[in-house]
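In: fold the following, please.
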Amino acid sequence: MNDGGDSGWRAAAMVTLHCLTGCLIGEWTGLAIGVALSLSSGLTVVLATLLAYASGFGLTIWPLLRRGMRLWPALTTVFVGEAVSIGVMEAVMNAVDYTMGGMGVRTLFAPRYWEALAVASVAGFLAAWPVNFWLLGRNMKKCHHAKNCHDAAAAGQPSRA
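Out: Residues are numbered from 1 along each chain as shown. A predicted model of the protein is given here:
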């Protein structure tokens with residue numbers, strides 16, 4: 001993956017899309033709760049970020065657990081790559097959403113809410129894509145695009161691939 005070729009960027013795009021899916025589940029849920037309860041922007045950001053981390057980690061760890069990897073090895077396998085990727089994505093998404101006023105609406109039916117979420121999603125993807133390329137190239141997202149993680153999961157150990 002560290003060859004810098006098209007396949008590395010494609011793999012990074014796929015990993016980033018997976019990351020965006022997890023982030024969006026938590027992000028949307030946190031924003032929806034924040035807007036529905038009229039929470040401050042600061043509390044809404046914290047809630048959205050916490051839920052994005054929870055859903056992002058969950059989507060990544062679940063397949064490893066299903067393949068038989070124990071919880072601790074699964075957590076250590078995905079922690080660094082997910083923490084960095086989600087952190088970059090969330091920082092950008094929340095900044096864009098806040099700047100566009102998506103957090104300041106009074107109802108989820110406000111077009112500004114959805115516009116801000118859409119722009120924030122694209123911005124988050126674009127910010128995390130090169131980060132994921134870098135993480136993949138340094139083998140820090142071991143089981144996100146590797147076929148040999150099944151062997152590590154069967155052994156209950158983190159992949160060293």
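
In: name the nearest residue to Thr107, sequence neighbours excluded.
Out: The shortest distance from Thr107 to any non-neighbouring residue, by C-beta to C-beta, 6 or more residues apart in numbering, is to Val35 (7.1 Å). In this view, the C-beta of every residue, glycine as well, is placed from N, C-alpha and C.

In: who are the contact partners of the one you found?
Out: Thr44, Met103, Val105, Arg106, Thr107, Leu108, Tyr113 (C-beta atoms under 8 Å, 6 or more residues apart in numbering).

In: got these as CSV, with neighbour count columns?
Out: Below are these laid out as CSV (neighbours: other C-beta atoms under 10 Å):
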residue, neighbour count
Thr44, 24
Met103, 25
Val105, 16
Arg106, 10
Thr107, 8
Leu108, 13
Tyr113, 23
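
In: please identify which pair of those residues lies farthest apart.
Out: Thr44 and Thr107 (14.1 Å; C-beta to C-beta).

In: and whichever strand or helix holds Thr99, what's buried?
Out: Here Thr99, judged by DSSP states H and E, is contained in helix 71-100. Using 16 or more other C-beta atoms under 10 Å as the test for burial, helix 71-100 gives 73-75, 77-78, 81-82, 84-86, 88-90, 92-94, 96-98, 100.

In: what of stretch 47-58?
Out: So, applying 16+ other C-beta under 10 Å, buried residues of stretch 47-58: Leu47, Ala48, Thr49, Leu51, Ala52, Tyr53, Ala54, Ser55, Gly56, Phe57.

In: which other residues reach that stretch?
Out: 19, 22-27, 29-31, 33-34, 39, 75, 78, 82-83, 85-86, 89-90, 93-94.

In: hmm, try it at 10 Å
Out: Under the contact criterion C-beta atoms under 10 Å, 6 or more residues apart in numbering, stretch 47-58 has outside partners 18-34, 37, 39, 65, 74-75, 78-79, 82-83, 85-87, 89-91, 93-94, 97, 103, 124.

In: quick one, phi/psi of Leu39?
Out: Main-chain dihedrals, Leu39, degrees, to the nearest 10: phi -70, psi 160.
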